[in-house]
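Novice: Next input, structure requested:
(5 chains)
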Amino acid sequence: MSRKKRQRPKDVKLGLPPGSAVYVGQPREGGVHVRAFCYDPQGVREYSHPDLADLPKLVAAGRVVWVDCDGVHDVALVRELCERFGVHPLAMEDVLNTQGRTKLDVFDGGIVLIALDMVTAEGQPPEAVTEHVSFLLGEGFVLSFQEGRSGDLFDPVRQRIRGGTGKIRTMGPDYLVHALVDAVVDGYLAVVAVLEDRIDASELEALDVTIQDLPQRVYALKTELGAMRRAVLPLREAIVRMQRGEVPHVGRAVEPYLRDLSDHVAQVLDIVESDRERLNGVVELHLALQTRRMNDVMKVLTIVATIFIPLSWIAGIYGMNFDYMPELRVWWAYPATLASMVAAALGMLGWFKYKDWI
Amino acid sequence: MSRKKRQRPKDVKLGLPPGSAVYVGQPREGGVHVRAFCYDPQGVREYSHPDLADLPKLVAAGRVVWVDCDGVHDVALVRELCERFGVHPLAMEDVLNTQGRTKLDVFDGGIVLIALDMVTAEGQPPEAVTEHVSFLLGEGFVLSFQEGRSGDLFDPVRQRIRGGTGKIRTMGPDYLVHALVDAVVDGYLAVVAVLEDRIDASELEALDVTIQDLPQRVYALKTELGAMRRAVLPLREAIVRMQRGEVPHVGRAVEPYLRDLSDHVAQVLDIVESDRERLNGVVELHLALQTRRMNDVMKVLTIVATIFIPLSWIAGIYGMNFDYMPELRVWWAYPATLASMVAAALGMLGWFKYKDWI
Amino acid sequence: MSRKKRQRPKDVKLGLPPGSAVYVGQPREGGVHVRAFCYDPQGVREYSHPDLADLPKLVAAGRVVWVDCDGVHDVALVRELCERFGVHPLAMEDVLNTQGRTKLDVFDGGIVLIALDMVTAEGQPPEAVTEHVSFLLGEGFVLSFQEGRSGDLFDPVRQRIRGGTGKIRTMGPDYLVHALVDAVVDGYLAVVAVLEDRIDASELEALDVTIQDLPQRVYALKTELGAMRRAVLPLREAIVRMQRGEVPHVGRAVEPYLRDLSDHVAQVLDIVESDRERLNGVVELHLALQTRRMNDVMKVLTIVATIFIPLSWIAGIYGMNFDYMPELRVWWAYPATLASMVAAALGMLGWFKYKDWI
Amino acid sequence: MSRKKRQRPKDVKLGLPPGSAVYVGQPREGGVHVRAFCYDPQGVREYSHPDLADLPKLVAAGRVVWVDCDGVHDVALVRELCERFGVHPLAMEDVLNTQGRTKLDVFDGGIVLIALDMVTAEGQPPEAVTEHVSFLLGEGFVLSFQEGRSGDLFDPVRQRIRGGTGKIRTMGPDYLVHALVDAVVDGYLAVVAVLEDRIDASELEALDVTIQDLPQRVYALKTELGAMRRAVLPLREAIVRMQRGEVPHVGRAVEPYLRDLSDHVAQVLDIVESDRERLNGVVELHLALQTRRMNDVMKVLTIVATIFIPLSWIAGIYGMNFDYMPELRVWWAYPATLASMVAAALGMLGWFKYKDWI
Amino acid sequence: MSRKKRQRPKDVKLGLPPGSAVYVGQPREGGVHVRAFCYDPQGVREYSHPDLADLPKLVAAGRVVWVDCDGVHDVALVRELCERFGVHPLAMEDVLNTQGRTKLDVFDGGIVLIALDMVTAEGQPPEAVTEHVSFLLGEGFVLSFQEGRSGDLFDPVRQRIRGGTGKIRTMGPDYLVHALVDAVVDGYLAVVAVLEDRIDASELEALDVTIQDLPQRVYALKTELGAMRRAVLPLREAIVRMQRGEVPHVGRAVEPYLRDLSDHVAQVLDIVESDRERLNGVVELHLALQTRRMNDVMKVLTIVATIFIPLSWIAGIYGMNFDYMPELRVWWAYPATLASMVAAALGMLGWFKYKDWI
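Specialist: The predicted model follows:
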C-alpha cells in the first residue's frame, strides 16, 4: 500500500469547534463528478450531474436513490448535498476527512455513516493505492463518496443496477450498501493477491543468501500488511453490528448477504494473518541461513589460517640469518622440514575432521 | 500439507452478484461419482449413479438419505442436486468454492452447511493432501461433497452403514454428519502423526550442527502446522454451536458424541500447539548450538593466530639483512631465540588457560 | 516525552491518612493564576483573580461556571477552592498529585474527577513536555487545574467561549469538559506527529549502517511511545464510561461529541500502535543489515587471508637458508614458483566463485 | 517428565464406532489389582480382589463405596466393572484411553468422569513418570483407575480412610474424589520441586560460558514445563466447574476444600509460569554472556593481529634480497627499525586504549 | 526481592488431611509478640501480651478490636487465638503457610482471610525483603499476622489509632484492614522506587559496552519485577471483590478508600509493567551496541589484515633465495617495490572508503 503521507486532520482544524466542514486530504484539482441512480424492480433512471435540489424529491417508498459522488474536495458541493439529505454536521466532517479511520456510526436522525479505506492495485508492477470511501445510508437513499483518484471498483455495481442483474433492483438501499462494501472487499482480495505474490518471491529469495535487499523488502511487506490489517479489522466489527440488526435501515433480508460479506472479510484477515506469520518465518529462515553461511566463512578462514600460520612460522625460523644454525648445514634438513610441515598440516586437518569442521 | 495454490475465488467471480454458482478450484477431468444411501434401523439400500430426480422422494420420517457426491467440478450436476433438495444459492456457492474457509452456516429453509478441509497423508514419504469437503444437513437427509482427488476417508462410515455396526443406523442424519466429521478429524490425527515424526527427526538434527537444511525444514513444518491450525480452529467453534443446540436438525441424542468429537478436535489443536512450541524450541536450540560452535571456531583461530603471529614476527626480525646485527654472530643467539619463542608460546597458553579459553 | 522524574507520591505522604491535601510534584515558584468564566447562551462574563468565596454563588440553572486554575502548587488556594465547591478530600488529593494516573472517578456528592496527562511539543527541535491536568465536573460548574509550566492548549476553548463560536455557549458543563479533553487530545496528536517525524528519520537511517546512534534513538522513541500509550489508554475507558451515561452530569446531548472524541483517542492509539510496530520493524531491519554487513566484512577478510597466507608460506619456504635446496639453483624455479602462486590464487578465487562468495 | 511416546488412539481405533471399549496404551503384563473400600462414619470394610458382582450391592445411603483399580489393561475386567455400575460406554472408552486429555465430563445417568495425568518423580536422579488416572463419581460410589506402573500417590488417602483421620469418613464420595485429586496435585508439586532444582542448577551454569550442554538442558526443561502446564490447565477449569455446583454428586459441603484444591492447582501453574519466565531469562542471559565472550575473543585476536601483522611486514621488507638497499648498510638502521617497531606497537596500543578496547 | 527459598508446603504436609495447622516457613527463634488495640471514636486501649482468652470478650458493637500478632512460628499460640475467634481450620492453615499466594477468601462463619506478601527495602544498598502477612476480618475484629522478620510497616497505622489522626477511629474494622493493606502497598511503592533506581543505573550502563555484569543485573531485575508482579496481581482482584460489596464485613463507607487503594495498586502494576518494557529495551539496546562494536572490531581487523597480508607476501617474494631473480640486481627495483606497496595500500584504503568502511 503506497503510504500516503498522513496529514493529521488536527493540523488543519486545530481550534475549530467539532462539526466544522473542512476538507482534510491532499489538495486536488478537477471537478467533482456526481451521478444519481433512482431504481425500483421495474426500472432505473440515471442522472449525470443532477441538480442537487431535486435529489431528495426522488426518494419514495419502494424505490432506492443512490447519489454517487466521485471526489470530495469540493467542500461546498458535499455540504449542500449532505444538508439536503439532512446529514448531521459530524457525519459530514467524517465524509470530508479522507484520513479518518474505518468505522460505522449512527447519527441523530438515523442516518448511518460507513467510512472505510478502499485499496486497489494499480500500475505495472502493481502498486497499492489507498482511497477513503464513505457511505451514508438513510431511509430510501444511499450517498457514496470516494476521492476519485484511482480506478473505480463500483462499476460492476452500476452495471448490475443498469442491467437488473441479480437481486440488486429488487432489494432496498441496505443491499446496495452491502454491494458497495463487497466491491471494496473484492479490491482488498485483489491487493492481497499482489502482496502474496511478492511474499512468494521473498520466500524464494530467503534461500538465496546473496540477495541484497531482502530485509528492506520484508520490512515494506510487513508495513503494508499491517496497514491492510488496520484497515480491515474495524470493518469486521461494523458488519457484525449490521448483522445483529443494531443498525437502522438494515433489514433482515440482507442478513445472509452480510454473512457472506463477513466471510470475505474474515478471509482477508486470515490471509493477512497467515502472511504475517509467513513473513516472520521468512525472516527467521533468512537469518538462520546467514548465520550458517557466516559459520562456513569463519570455518574456512580458521582452517586456512590455523594450518598455514604455524607453517609460515617454521619457514620463518629457517629464514633467520644466525651464523650458528647447524641444521641449515645438514643435507637432509630441508626435506625433513618440508616433511614435518606436511605432517603438521595433515595432523591439523585430521583434528578438524575429528571436530566435524570439514 | 502440500500448499495448493490458492485460486482466489474473486478472480473468477469478480463482478458477479452473490449466489452465482461457479466452480472455484483446480480444473479437473473425469466424471463425478454420486452414490446414495437410504437407511433405517431395519435395513439399507444403496444407489450408484442414481437418478437425481428420485432422490428427494426417498426422504421420509424415520429414515436417513445420504447423497455422497465424489467430485464437485460438474457444476450442472451439483446445481441440480442442490436445487432438488431446496438448497439456498449462497450455500451452493460455498459447496462449489473449494478454496473457502471452514465454517458452519444455517441458511433460510433450515438447511445447515458445514464446510471444512480434509487433510490426508499420502505417498511414500507421506505427504499431506488437502481437499475441501462440505456437508448439507436437512430434514432427513445429508448431502456430502468432496473433491475426489485423494483417498477416501468416508469408507469406514459407508461400511458401518452397510453392516449396521454400532448405532449409525438407529440414529438420524445428525449422527451421520457427526460420523463424517469424525472421519475427517481422524484424518487430521493421522497427518499430525506424520508431522510429529518429522518434528522428532528435526529435534535430533538440531543437535547435529553440520546438518545443512534444518532451517528450511523447520520453516516448512511451521507453515504446515499453521495451515493445520487455521483449518481446525473454526471447526471447534462449529462443533460448540452444534452442542449448544443452536443448529437445526441436530438433536440432543448426538450431544455426547459431539462432545467426544470436540475432544478429538481439542486434541488435534493441543498437539499442534505443543508442536509449534517444540519447533520454536528446536530453532532456539539450534541457534544456541551454532553460536557455541562459532565461538569454538573463533577461539581456535584466535589462539593459533595469537600465538604464532608474534612468533613469526620474531623470526622475521632475524631474517632481516642488516649488515650490523651483532646478535646474529653470537653462537647462543639462535637457541636463545628458540627458547624465548617457546617461552612466549607457553606464556600465551597459560594466559588462555587462565581466561578459561582452553 | 521528556521523562519528568517521577516523584513517588508515597515519598512525601508515607504514613499520612488518605485524603490529606499535599502537593506532590516539582517544587515551583510563582503565583497561581485563577480565572473564572460564567456564561450562558446570551453572554459571558470573565473574572481574572476572582474572590473564591463569590464563585459558588455564580452557579445557577442554565448557566455554566468554569474556574480555570493555572498552577496547583499553592495548596491553600486549591484547598479553599475545592472546599467551597464541596469537593471530596480524596478528589482534592488527586488534583494535587501531579504524578497520578489518568482516571475518571465519581465521588460522593456526585462530583466527577477527570485527571489526565497533557502532552505538548515545545522548543526547537520540538520536545514533548508532560503536565498533569484535572477537571472537576459538578452541577453547573467545571473546575480545571493545570500545572501551568507549558504552553496553554485551552486558549482556543476560551476564545470559543468569549466569541460564542460553535455550540459551546448553548450547552452545559459536560460539553465544556468535552471541549477541554478534546483540546488535550489535540495536543496528543500534535506530539504524535513530532514522534512520527522522528520515526520517519530513523527509518531512513536504518538503511545507513554507518549511523552511530540509531539504537539509542530507537530506544528513546520506544520509551516515549510507551509513555504516550500508558497516558492515553485509560482515557479511552473514561470516555466510554461517559458515553454509556454512567457518569453524573454528563447528558445525552454530548454523546455524539463524545463519540467523536473517542474516535480521536482511538486514532492516537492506532498511530502509537502502528508506530511501535514500525519501530520494531526498523530495529529488525537495522539488525539484518548489520548482520549482512558483518558477513560482507568477514568474507573480504577471509578471501584475502585465505589467498595470501598460503602464498606467503610458499615465499617463506624459499626464503629459508638451508645449504642444500637444489631448486634454488635452477633457473626456471623462480618463474615456476611465481606461476604456481598465481595458479593457486586463481584456483582459490574460482572456488570462492563456485561457493557464491564473490 | 519422561516423554512417553504418544500412541495416537486413532491408530488403534480407526474406523471403529465411538464407544468401543479398546485399551489404548503401552502393552502391559501382570494382573490388575482391584481393591474396594466401603465406609461410613462408624467404620470401614476393605475388600481385596472382591467379586465384582457384589460391589454395586454395597452402595447404600450414608455410605461410600470406593473401588480402587490398579491397572487398566485388563479390558474385560474394566468393562465388567463399568457395566455393573452403569457407566456410559463413552466414559469407559475414556478410562481405557491412557493417552487422553485431562477433562471432566458428565455422562447420561449423571456419572461424572474426571481424567487426569498423574506425574511422580522417581529414581535417582529423580525423573518424572506420567500415568493416566480416571475417577468415576456416581451416587454413593467412586471408581478410580490408574495404570499401576509407578509409585502409589493414593496410599495416604487409604491410610486416612482406614484410620479415620480427618473428616474423610464423615463426608461423601465427593470429598473422596477431592482427596484423590489433591493427592495427584501433591504429586505435581513434588515434581515441580525437582524441576525447580534443575532450573536453579541451569541458572548457575548460565554464568559459566564453558558449560557445553546448557542449551540442550534448557530445551528439555522447557519441554517438561510445557507438558506440565498442558496437564494442569484443564484441571483448573474442571475444579471451577465443581465449585460452581454444576457437577452432579458434588455438594456444597466440599466447596471450601475444592477452593483449597483450586489454590494448590493455581500454585502449580504459578510456579510453572514463573519457571518458564526464568528459563527464558536464563537463555537470554547465557546468550548475552556468550556474545560478550565472543566480543572478548575477537578483541584479543584483533589487537594481536593488528599490532604484529604490520610489524611482520616491516621485518619482511628488510628481509628482501635486493642488491641496492642502502639502508641495510648503515650501522644504526637495525636499532632504528627496532625502535620504530616498538613505537608503532605503542601507538597502536594507545589507539586501542583510546577506543576503550583494552 | 531477595528470593527466599520457597519451601514447598507439601514437603512438610504430604499426606496430612487439609486443615491441619502446621507452620510452613523458615524455622525461627524468639517469641511471638501479640498486641491488641480496642478502640472506638471516644478512645483507645492498648494491650501488650494480652491474655488470649479475654480478647473475644472485648468485641462489641461500635468498637474495633485489632489483635496484632508479630510472628507466626508459635503454632500453639496462633491456633489458640484463631480458635477463640472462631476461625475455620483451613483459614488457620493459610495463616501458618508463609509460602502461600496472595488471596482473599471468605470462610464459613463469614470470616474473611486476606493473605499477601509484604515487601520492604532494607539495608545499604537497599535490598528487598519479602514477608507473608495475613489479615482475618470478622464482625468487629481484625486479626493481623506477620512473620516479624523485617521492619514494621504497620507503625504509622498504630500511631494513627493511638493519636486518633484521620478517620481511623471513627470507622469500622473494614477501614482498619484497608489501612493495613494500604501500608503494605506503600511498602511496594518504596521497593519499586529502589528497583527503578537500579533500572536507571542499568540504562546508563547499557550505553557503556565495557561494563561486564549488565546481563546478570538485568536478569536479576527481571526476576524481581516478575516476583513483584505476581505478588501484586491477585491483590488487585481481591480489592475489586471488596469494592463490589461481595465480601462480608466490608461496608459501603470504605468504598472510596478502596478505590483509592485500588489506584495505588494499579500504579504499582503500571510502574512494574513499564519497568519490564524498559528492561527489555535496555537489553535490546545493549545487544545492538555490542553488535555494532563487534562490527567495528571486525572492520579494524579486516582493514589491517587485508592491507598488510598481501604486502607481506610481496616482501616474502623478494626474500626468497633463488639464484636467478634478475630483478634483485636492478638498482631501481627496491624503490619500485616500495612504491608499488604504497600504491596497493592506498588502493585498498580507497576501496574501503568507497565501501563506507572507514
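Novice: going forward, measure contacts between C-alpha atoms and count neighbours the same way
Specialist: Noted.
Novice: Just give me the neighbour total for residue A:135.
Specialist: Counted with other C-alpha atoms under 10 Å in any protein chain shown, the neighbours of residue A:135 add up to 22.
Novice: Please apply the same query to residue A:32.
Specialist: 19.
Novice: Excluding chain neighbours, what is closest to it?
Specialist: Spatially, and ignoring its direct neighbours in sequence, residue A:32 is nearest to residue A:71 (4.8 Å; C-alpha to C-alpha, 6 or more residues apart in numbering or on different chains).
Novice: And residue A:24, by the same measure?
Specialist: The nearest residue in space to residue A:24 (C-alpha to C-alpha, 6+ apart) is residue A:97, at 4.7 Å.
Novice: what's the answer for residue A:328, then?
Specialist: Closest to residue A:328 by C-alpha to C-alpha, 6+ apart is residue C:322, at 4.4 Å.
Novice: Ok, residue A:215 next?
Specialist: Nearest residue to residue A:215 in three dimensions, chain neighbours excluded: residue C:285, at 5.7 Å (C-alpha to C-alpha, 6+ apart).
Novice: mind checking which helix or strand that neighbour is in?
Specialist: Secondary structure from DSSP states H and E places residue C:285 in helix C:255-317.
Novice: Pull the contacting residues for residue A:22.
Specialist: Listed by C-alpha atoms under 8 Å, 6 or more residues apart in numbering or on different chains, the contact set of residue A:22 reads A:13, A:75, A:93, A:96, A:97.
Novice: In contact with the second one, which residues?
Specialist: Residue A:75 makes contact with A:21, A:22, A:23, A:96 under the criterion C-alpha under 8 Å, 6+ apart.
Novice: ditto for residue A:113
Specialist: Neighbour list for residue A:113: A:91, A:103, A:104, A:105, A:106, A:107, A:134, A:135, A:136, A:137 [criterion: C-alpha under 8 Å, 6+ apart].
Novice: Per the annotation, how does chain A divide into domains?
Specialist: Residue ranges for the domains of chain A, per automatic domain parsing: A:9-288, A:298-354.
Novice: so what pLDDT did the residue nearest to residue A:36 when sequence neighbours are not counted get?
Specialist: Spatial nearest neighbour of residue A:36, chain neighbours left out: residue A:67 (4.3 Å); criterion: C-alpha to C-alpha, 6+ apart. pLDDT recorded at residue A:67 is 93.
Novice: what about the residue of the stretch 201-350 of chain A found nearest chain C, which helix or strand?
Specialist: Relative to chain C, the nearest point of the stretch 201-350 of chain A is residue A:319 (4.0 Å; C-alpha to the nearest C-alpha). Using DSSP H and E, residue A:319 is not contained in any helix or strand.
Novice: For residue D:107, see how far away the nearest residue to it once chain neighbours are set aside is.
Specialist: Counting by C-alpha to C-alpha, 6+ apart, residue A:319 lies nearest to residue C:320, which is 4.0 Å off, once chain neighbours are set aside. Residue C:320 is 93 Å from residue D:107, where distance means C-alpha to C-alpha, to the nearest Å.
Novice: Compare these two and say which is more crowded by neighbours.
Specialist: Ranked by neighbour count (other C-alpha under 10 Å), residue C:320 and residue D:107 place residue C:320 first, with 23 against 15.
Novice: OK, contacts around residue A:267?
Specialist: Going by C-alpha under 8 Å, 6+ apart, residue A:267 touches residue B:101.
Novice: mind listing what residue A:138 touches?
Specialist: A:110, A:111, A:112, A:249.
Novice: Pairing partners for it in the sheet, please.
Specialist: On the basis of DSSP bridges, residue A:138 is bridged to residue A:141.
Novice: Can you list phi and psi of the residue of chain A found nearest chain B for me?
Specialist: As assessed by C-alpha to the nearest C-alpha, chain B sits closest to residue A:320 within chain A, at 4.0 Å. Per-residue torsions, residue A:320: phi -70, psi 150 (degrees, to the nearest 10).
Novice: Repeat that for the one 5 residues further on.
Specialist: The main-chain torsion angles of residue A:325 are listed as degrees, to the nearest 10 and equal phi -120, psi 80.
Novice: surely it meets residue B:334?
Specialist: Yes: assessed by C-alpha atoms under 8 Å, residue A:325 is found in contact with residue B:334 at 6.7 Å.
Novice: So for the two, which residue has more residues nearby?
Specialist: Neighbour count, other C-alpha under 10 Å: between residue A:325 and residue B:334, residue B:334 has more, with 22 against 18.
Novice: rewinding a little: export the contacts of residue A:75 as TSV, with columns for distance to residue E:165, secondary structure and pLDDT.
Specialist: Shown next, in TSV, are the contacts of residue A:75 (distance: C-alpha to C-alpha, whole Å; DSSP: H, G, I helix; E, B strand; the rest coil; pLDDT from 0 to 100):
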residue	distance to residue E:165	secondary structure	pLDDT
A:21	58	coil	70
A:22	59	coil	73
A:23	61	coil	76
A:96	60	helix	88
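Novice: ok so, going back, how about the domains of chain A in CSV, adding distance to residue D:309?
Specialist: Shown next, in CSV, are the domains of chain A (distance: least, C-alpha to C-alpha, whole Å):
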stretch, distance to residue D:309
domain A:9-288, 31
domain A:298-354, 12
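Novice: mean confidence for stretch A:160-173?
Specialist: Mean predicted lDDT for stretch A:160-173 stands at 87.
Novice: End to end on that stretch, go ahead and measure it.
Specialist: End-to-end for stretch A:160-173, by C-alpha to C-alpha: 14 Å.
Novice: Could you pull out the buried residues of that stretch?
Specialist: A:160, A:161, A:162, A:164, A:168, A:169, A:170, A:171, A:172, A:173 (16 or more other C-alpha atoms under 10 Å in any protein chain shown).
Novice: quick one: which of the residues you listed is nearest residue D:280?
Specialist: Proximity of the buried residues of stretch A:160-173 to residue D:280 (C-alpha to C-alpha) peaks at residue A:173, which lies at 56.1 Å.
Novice: Next, the contact list for the closest one, please.
Specialist: Contacts for residue A:173 (C-alpha under 8 Å, 6+ apart) come out as A:64, A:65, A:137, A:140, A:141, A:142, A:249.
Novice: Residue A:265 now?
Specialist: A:185, A:232, A:235, A:236.
Novice: What angle do helix A:255-317 and the helix or strand where the third one lies make with each other?
Specialist: Assigned by DSSP H and E, residue A:235 falls within helix A:214-243. Interaxial angle of helix A:214-243 relative to helix A:255-317 (axes from the mean of the first three to the mean of the last three C-alpha atoms, to 10 degrees): 160 degrees.
Novice: Run the chain-centre distance for helix A:214-243.
Specialist: Its chain's C-alpha centre and that of helix A:214-243 lie 6 Å apart, by C-alpha atoms, centre = their mean, to the nearest Å.
Novice: how close does residue A:216 sit to chain E?
Specialist: According to C-alpha to the nearest C-alpha, to the nearest Å, residue A:216 stands 18 Å off from chain E.
Novice: contacting residues for that residue?
Specialist: Contacts of residue A:216 were listed using C-alpha under 8 Å, 6+ apart, and they are residue C:285.
Novice: repeat that for 10 Å
Specialist: By C-alpha atoms under 10 Å, 6 or more residues apart in numbering or on different chains, the residues touching residue A:216 are A:222, C:206, C:207, C:281, C:282, C:284, C:285, C:286, C:288, C:289.
Novice: Alright, that wraps it up for me.
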